[in-house]
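Trainee: Provided below are the primary sequence and the corresponding predicted coordinates.
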Amino acid sequence: MFATALAQLRFAASVGFGKPFARWSLDRLIDAISDTKREFGAIGAEGAGLLGGPTLDEETRREVHLRRFRTQATRAARETAYYEHLFERLDLDPARLRFEDITLIPPTSKEALRGDPDAFVRRSATPCFRTTTTGTTGKPTSVCFSAYEMQTYIALATITHLLTDHIDSSDIVQISTSSRATLGNACFAGACARIGALISLGGLIEPAHTLSLLAEKYHIPGKKPQVSYLNTYPSYLGELVEHGLSQGYRRPDFGLERIGVGGELVSEALKARARQLFGSVEYDEGYGMTETWPLLGHPCSGGHLHFEPLSGLVEVIDPETKTSARPGEAGCIVATPLPPYRDTTILLRYDTQDVVRPITGPLTCDLPDQQATTPLLGKLRLAVRHEDGWTFPRDVLEALEADDNVPLPARFGFWAAPKGVAVEVVAREIGSRVRRTIETRLEERGVPVQELRVVRQPSELRHPMPLRCDLKETASFGMPSEATRPLGLVPVEFARQEN
């Protein structure tokens, strides 16, 4: 049954199936995977290939992308205000586009979507859910989705977790992300619920409270005794590690087995330092964003970021020449989420401003047939162009978080200086020994540091990098104070005494 359902989904995806068949295929595949796991305990190698979609050679991939891009572009020109005016101005017929014509369509900017999100919503769509980005790097951006899309995204996430065996019905899953991250939270929680895992919505609260939740013991039949899966941001994970170690928490206090990290750059050094507190946990990583959902990037055994071809078209565009970046050269991800996975808010060639370097084959990793790039290097607007090229946030982050003198998460900033960059960072000490160690680590990562400013407090930084851990929900679980309590409201215990 599993093999049959898998074959049907692969065939349907490659030819471009419609919405009803898409939902039927996904639901049938979930049932087949669940039945197989119940009977045999694991899916095996047969299922692993599904995560990458069908194997397509370059010519077939171009044909599939062109056919589905035409479909999306035609709908956009007919049914959205933004692209209707754009195609009229370009004098392009979207139904007759050739593959090389795709680059004639100027990338859609974040500013255009943020300024008028409704101009990208199809007139015939039935949106039921409007979500926003978290606003870490600027004003939040709004995107609308239909009930069909949300159900499909939950089904796709369910299939991923079932096939990887990263989450099962015995897991207790804690979601420690911003309550404003509604799309990611809804899809992840929906998939966990469909698998049968127990979900705890911890939110982005003070680290001390989150650590107590992770250390709490459960006595629920069929569930593990403690939280076994944590989903959070890298910077917040850094706060948990820093606070936990300082408060005397150690590995035996927790039952974590896996940590899902996303939403910002995660350094290898952070993952290594987190094991000091949580033990030999495994990490789930990937790339995704609200605007281009459900187009995702998946890491592989070779350290690449891979994009399966069916959910969208991914281009890597040189930020200066606006042409395709050559292998090894930095460029921005320009993404087009494609039907049948995306049918409400249409975005063609959306410029994510996320920087990577494209990689060409032959590849020897476990996803050799998929488009590959390096891991994310950071947002373009946070990078620095200097005489010797570019310095990206990842270069600085990896160097700093590898140094125990730097508290987690690394609080830093950097900007252009003659012949390189100036760097500022929060450290535990500010003496000459610490400065030399930090300078050495930066130089080893290829950062041409010309000035180094070491401070003791984050408030002393002049150009701090934005971090998602700073999006905390600050309301307490206790009673409001006299200063913050609305007029006319009386605490429950006082009201009972008066009655």
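Mentor: Good, I have the coordinates.

Trainee: Quick one: mean pLDDT over the helix or strand containing residue 212.
Mentor: Under the criterion of DSSP states H and E, residue 212 resides in helix 207-215. Averaged over helix 207-215, pLDDT sits at 97.

Trainee: Kindly report the same for stretch 269-289.
Mentor: Stretch 269-289 comes out at a mean pLDDT of 95.

Trainee: for the residue lying closest to residue 140 once chain neighbours are set aside, phi and psi?
Mentor: Setting aside the residues directly before and after it, residue 140 is nearest to residue 132 in space (C-beta to C-beta, 6 or more residues apart in numbering), at 4.0 Å. (Glycine included, C-beta is placed from N, CA and C.) Here is the backbone geometry of residue 132 (degrees, to the nearest 10): phi -130, psi 160.

Trainee: and residue 132, how many neighbours does it have?
Mentor: 17 (other C-beta atoms under 10 Å).

Trainee: Helices along the stretch 1-150 of the chain, start to end?
Mentor: For the stretch 1-150 of the chain, applying DSSP state H, counting those that start in this stretch gives helices covering 2-15, 19-40, 45-48, 58-79, 81-90, 110-115, 147-164.

Trainee: Then the stretch 301-450 of the chain?
Mentor: Along the stretch 301-450 of the chain, counting by DSSP H, counting those that start in this stretch, helices occupy 393-401, 432-444.

Trainee: Would you mind putting those helices into JSON lines with mean pLDDT and mean neighbour count alongside?
Mentor: Shown next, in JSON lines, are the helices of the stretch 301-450 of the chain (pLDDT from 0 to 100; neighbours: other C-beta atoms under 10 Å):
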{"stretch": "helix 393-401", "mean pLDDT": "98", "mean neighbour count": "24"}
{"stretch": "helix 432-444", "mean pLDDT": "97", "mean neighbour count": "15"}
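
Trainee: Columns distance to residue 414 on top of those helices, output as CSV?
Mentor: Formatted as CSV, those follow (distance: least, C-beta to C-beta, whole Å):
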stretch, distance to residue 414
helix 393-401, 6
helix 432-444, 9
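
Trainee: between those helices, which gets nearest to residue 179?
Mentor: Across the helices of the stretch 301-450 of the chain, residue 179 has its closest neighbour in helix 393-401 (25.5 Å, C-beta to C-beta).

Trainee: ok, back up a step: who's in contact with the residue nearest to residue 140?
Mentor: The neighbours of residue 132, taking C-beta atoms under 8 Å, 6 or more residues apart in numbering as the test, are 140, 141, 142, 143, 180, 182, 290.

Trainee: Residues touching the helix holding residue 212, excluding its own?
Mentor: Contacts with helix 207-215, where a contact means C-beta under 8 Å, 6+ apart, come from 174, 176, 200, 202, 226-227, 230, 236, 239-240, 242-244, 247, 249, 253-254, 256, 477.

Trainee: which sections of the stretch 351-499 of the chain are below the confidence cut-off?
Mentor: Within the stretch 351-499 of the chain, the stretches with pLDDT under 70 are 475-499.

Trainee: those strands in it, which residues are they?
Mentor: All strands of the stretch 351-499 of the chain, identified by DSSP state E, counting those that start in this stretch, fall at 358-359, 371-373, 378-379, 384-386, 389-391, 412-417, 420-426, 449-455.

Trainee: Can you show me the strands along the stretch 101-250 of the chain?
Mentor: 127-132, 142-146, 172-176, 198-201, 229-232.

Trainee: distance of the spatially closest residue to residue 397 that is not a sequence neighbour from residue 381?
Mentor: If the residues on either side of it in the chain are set aside, residue 397 comes closest to residue 267, at 5.2 Å by C-beta to C-beta, 6+ apart. According to C-beta to C-beta, to the nearest Å, residue 267 and residue 381 sit 20 Å apart.
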